[in-house]
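J.: I would like the atomic coordinates for the input below:
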Amino acid sequence: MGKPIVAITIGQVHYPRMFSQQAFDELNLFANVIHHPGQNPANKQELMDVLKSADACITSWDVATLDADVVNSAPNLKAMAHMGSSVKRFVSDAFFQRGIRLTSAGIALAKSVAETTLGLMVVGQKRIWPLGQHVREGGWRDSPAWDKWSSRELYRKNVGIIGASNVGRHVIELLKPFGPKILLYDPYINTEDAMKLGAEKVELEDLLTRSDVVSLHAPSNKSTFHLLNAQGLAMMKDDALIINTGRGTLIEEQALISELSKGRFFAFLDVTDPEPPSLESPLRSLPNVVITPHIAGCIENCNQMGELAVEELRRFFAGEPAVYQITPEMFERIS
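T.: Model (predicted):
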């Protein structure tokens with residue numbers, strides 16, 4: 001038998017960002033590669049065209065959904081390797097009814113998000129942002145601003161992790177050299193598994209009242225919508241740090257604005273709801289919040305995802321287990 005045919009659908013403008021030469025070399029070893037010729041991700045018709053003879057495909061952000069029409073136009077399709085965080089929008093009932101294997105390279109993206117999160121924890125505890133602004137305005141350490149935002153360390157602090165997702169688990173791993181007490185809230189994990197991760201399983205209220213740092217890594221779904229509301233945010237310590245590199249819908253925005261307006265704690269928000277926040281939103285002007293434009297994951301170099309997508313397809317055609325397979329049963333607890 002000849003090599004399987006793998007279709008790359010992500011649009012060629014994204015190749016340098018998503019694929020290393022190593023990824024292309026390894027893909028060419030076991031597959032014949034066909035390319036969606038457009039510069040941008042394939043729309044529905046373009047997807048139907050490029051998948052006609054494909055045995056597998058590689059997808060990413062903004063590629064059209066593999067709905068019933070697309071699946072029916074790709075009679076040989078057996079595997080899809082997705083590069084991105086959420087896979088839900090890209091597949092359909094028809095996709096799973098065909099028994100097509102779905103994998104996600106989101107675990108590679110998760111490492112990038114976790115590294116950014118750790119960085120925000122360090123600079124947040126050091127009060128880099130407010131103290132930098134304070135010095136810009138002529139202040140130094142012997143002033144009221146220093147008393148309000150005195151610099152501190154992450155070492156041995158109580159860190160609350162909301163969500164034992166791929167990102168949350170990697171954050172826990174990265175935190176270990178700092179010797180923190182890690183408090184973990186996730187209804188899908190038991191006490192024993194939390195201990196194996198190096199965390200104490202707690203209820204959300206306990207996490208919020210005890211944590212010096214609260215970091216959100218839960219998926220966005222019905223059960224997590226406004227997980228942090230006015231009642232929960234009011235439980236947080238006055239000098240706490242809250243970081244959201246997960247999903248904006250996890251926090252009730254008006255409740256967060258209300259608490260931040262009191263000056264009680266500091267927030268780093270890489271995601272908001274809505275995204276971006278309105279031009280009139282106080283989140284853009286409050287002195288104790290920093291908003292970044294959804295950049296916690298890889299931006300300039302996502303080659304790790306491309307390499308993992310290729311590895312997933314190599315494993316599939318070699319009859320080996322996937323690194324990270326997504327099944328319909330997982331949809332309830334993922335974004």
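
J.: Every contact and neighbour count from this point should use C-alpha atoms.
T.: Fine.

J.: Could you pull out the strands in this structure for me?
T.: Along the chain, counting by DSSP state E, strands occupy 5-8, 32-35, 56-60, 79-83, 101-104, 158-162, 181-185, 200-201, 213-216, 241-244, 266-269, 289-291, 325-326.

J.: Let's have these in JSON lines, adding distance to V123.
T.: Rendered in JSON lines, the data for the strands of the chain read as follows (distance: least, Cα to Cα, whole Å):
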{"stretch": "strand 5-8", "distance to V123": "39"}
{"stretch": "strand 32-35", "distance to V123": "43"}
{"stretch": "strand 56-60", "distance to V123": "32"}
{"stretch": "strand 79-83", "distance to V123": "30"}
{"stretch": "strand 101-104", "distance to V123": "31"}
{"stretch": "strand 158-162", "distance to V123": "14"}
{"stretch": "strand 181-185", "distance to V123": "18"}
{"stretch": "strand 200-201", "distance to V123": "25"}
{"stretch": "strand 213-216", "distance to V123": "12"}
{"stretch": "strand 241-244", "distance to V123": "10"}
{"stretch": "strand 266-269", "distance to V123": "10"}
{"stretch": "strand 289-291", "distance to V123": "12"}
{"stretch": "strand 325-326", "distance to V123": "35"}
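
J.: Mind checking the ones you listed for the one nearest to P144?
T.: strand 266-269 (16.7 Å; Cα to Cα).

J.: Direction included, what does the closest one pair up with?
T.: strand 241-244 (parallel), strand 289-291 (parallel) (DSSP bridges).

J.: outside of the first one, which residues touch it?
T.: The set of residues external to strand 241-244 that reach it, using Cα atoms under 8 Å, 6 or more residues apart in numbering, is 117, 120-121, 124-125, 212-217, 265-271.

J.: On the pLDDT front, check F266 for me.
T.: With respect to pLDDT, F266 scores 96.

J.: and the gap between it and P130?
T.: Distance of F266 to P130, computed by Cα to Cα, to the nearest Å: 9 Å.

J.: circling back to that earlier point, please identify the most buried of the strands paired with strand 266-269.
T.: Ranked by mean neighbour count under mean count of other Cα atoms under 10 Å, those are led by strand 241-244, which reaches a mean of 24.

J.: so who does D69 touch?
T.: Going by Cα under 8 Å, 6+ apart, D69 touches M48.

J.: Okay, it and G306: tell me how far apart.
T.: 26 Å.

J.: cool, V70 as well?
T.: Taking Cα to Cα, one finds V70 at 23 Å from G306.

J.: Name the residue in the two with the higher neighbour count.
T.: For the pair V70 and G306, the greater number of neighbours falls to G306 (27 against 22), based on other Cα atoms under 10 Å.

J.: residue contacts, the closest residue to the more buried one other than its chain neighbours?
T.: Leaving out its chain neighbours, the residue that sits closest to G306 by Cα to Cα, 6 or more residues apart in numbering is F19, at 4.9 Å. Neighbouring residues of F19 by Cα under 8 Å, 6+ apart: 302-307.

J.: CSV please, covering the residues you listed and showing distance to S165.
T.: As requested, the contacts of F19 are exported to CSV (distance: Cα to Cα, whole Å):
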residue, distance to S165
C302, 20
N303, 21
Q304, 19
M305, 17
G306, 21
E307, 21
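
J.: Pull the distance from stretch 210-230 to the chain's centre.
T.: 14 Å (Cα atoms, centre = their mean, to the nearest Å).

J.: taking the mean pLDDT, what do you get for it?
T.: 96.

J.: just the CA coordinates of it, formatted as PDB?
T.: Output in PDB follows, covering the C-alpha atoms of stretch 210-230 (Å, rounded to 0.1, in the frame of the first residue of the first chain):
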ATOM      1  CA  ARG A 210      -7.400  31.100  51.500                       C
ATOM      2  CA  SER A 211      -5.600  32.000  48.300                       C
ATOM      3  CA  ASP A 212      -3.000  34.700  47.900                       C
ATOM      4  CA  VAL A 213      -3.200  34.100  44.100                       C
ATOM      5  CA  VAL A 214      -6.300  32.800  42.300                       C
ATOM      6  CA  SER A 215      -5.700  31.500  38.700                       C
ATOM      7  CA  LEU A 216      -8.500  30.300  36.400                       C
ATOM      8  CA  HIS A 217      -8.100  27.400  34.100                       C
ATOM      9  CA  ALA A 218     -11.600  25.800  33.800                       C
ATOM     10  CA  PRO A 219     -13.400  25.300  30.500                       C
ATOM     11  CA  SER A 220     -16.200  27.500  29.300                       C
ATOM     12  CA  ASN A 221     -19.500  25.600  29.500                       C
ATOM     13  CA  LYS A 222     -22.900  25.800  31.200                       C
ATOM     14  CA  SER A 223     -21.600  24.600  34.500                       C
ATOM     15  CA  THR A 224     -18.700  27.200  34.700                       C
ATOM     16  CA  PHE A 225     -20.600  30.200  33.400                       C
ATOM     17  CA  HIS A 226     -19.900  33.000  35.900                       C
ATOM     18  CA  LEU A 227     -18.300  30.500  38.200                       C
ATOM     19  CA  LEU A 228     -16.900  33.600  40.000                       C
ATOM     20  CA  ASN A 229     -19.800  35.800  40.800                       C
ATOM     21  CA  ALA A 230     -20.300  38.700  43.300                       C
END
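
J.: Same question for that stretch: list its buried residues.
T.: 210-221, 225-230 (16 or more other Cα atoms under 10 Å).
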